[in-house]
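> The amino acid sequence is not available; the structure is as follows:
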């Protein structure tokens, strides 16, 4: 009796998270280049003799072959492209920022196998910057979050009014409104961030790293607060990883201040 062959497909992706399944298997959640988010079973990866267990850890950039299962796909092959884990985990600010990057990517791709090429490229770029220490970890995270929100259709208004498009810049900022707001549209309770902070967010969104890295610690902290508030407003619930990032950034600022003293 003949059987229909299982459908095979191949893609590269970033491992976002894993969870145990049974005694030896894992479910891996991968953000892929062409197939969006894929949840698949990696059989036997928790055994010490597994051929590719270590390649399927969070922060890993891998080339995978899947075959289609009834409920979850199955990982058939796994080849490492680059593991960012060791370099990211060695530095606590980079690790906490990287964890927030992975959690955000997972949350922004709720529909499985919906193509998310731009988000995939943003995740790869952020992990590479964190692993290589290209820029301060907090700035890398905020740049990623701003650009990821833009990809999701939630780009904040940083100059013109978010409600009526009145040309700016404007002094008030409303998270529920989506960014800067003019006096006529300003909701009650709108914030008044430092204009330099808004310039910092614009620099992170557009990739002007010289301008971003010139920002003072107070502006970076204020900017991080606005970015986190915007993201969590759109997601409608908080990210578990963001409070950890906030604390590590504050600790870094205190260390920097103590060195200067």
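All right, it came through fine. Model, not experiment: these values are computed from the prediction.

> CA only for contacts and neighbour counts going forward, please
Noted.

> all strands of the stretch 51-200 of the chain, in order?
Ranges of strands in the stretch 51-200 of the chain, per DSSP state E, counting those that start in this stretch, are 60-67, 73-83, 172-174, 179-181.

> Kindly state which of the ones you listed is positioned closest to residue 187.
Residue 187 lies closest to strand 172-174 among the strands of the stretch 51-200 of the chain, at 7.1 Å (Cα to Cα).

> what's in contact with that closest one?
Contacts to strand 172-174, defined as Cα atoms under 8 Å, 6 or more residues apart in numbering, come from residues 179, 180, 181, 182, 183, 186, 187, 189, 190, 191, 192, 193.

> redo that, cut-off 6 Å
Contacts with strand 172-174, where a contact means Cα atoms under 6 Å, 6 or more residues apart in numbering, come from 179, 180, 181, 190, 191, 192.

> do the same with stretch 18-37
Counting by Cα under 6 Å, 6+ apart, 12-17, 38-47, 112-117, 120 sit against stretch 18-37.

> Pick the most deeply packed of the strands of the stretch 51-200 of the chain.
For the strands of the stretch 51-200 of the chain, ranked by mean neighbour count under the definition mean count of other Cα atoms under 10 Å, the leader is strand 179-181 at a mean of 29.

> helices or strands next to that strand in the packing?
On a contact count with 3 or more Cα pairs under 6 Å, 6 or more residues apart in numbering; DSSP states H and E, strand 179-181 meets strand 172-174.

> Quick one: distance of the strand it packs on to the chain centre.
24 Å (Cα atoms, centre = their mean, to the nearest Å).

> Kindly provide the distance from the residue lying closest to residue 207 once chain neighbours are set aside to residue 187.
Nearest residue to residue 207, sequence neighbours excluded (Cα to Cα, 6 or more residues apart in numbering): residue 143, at 7.8 Å. Counting by Cα to Cα, to the nearest Å, the gap from residue 143 to residue 187 is 26 Å.

> between those two, which one's more packed in?
residue 143 (26 against 16; other Cα atoms under 10 Å).
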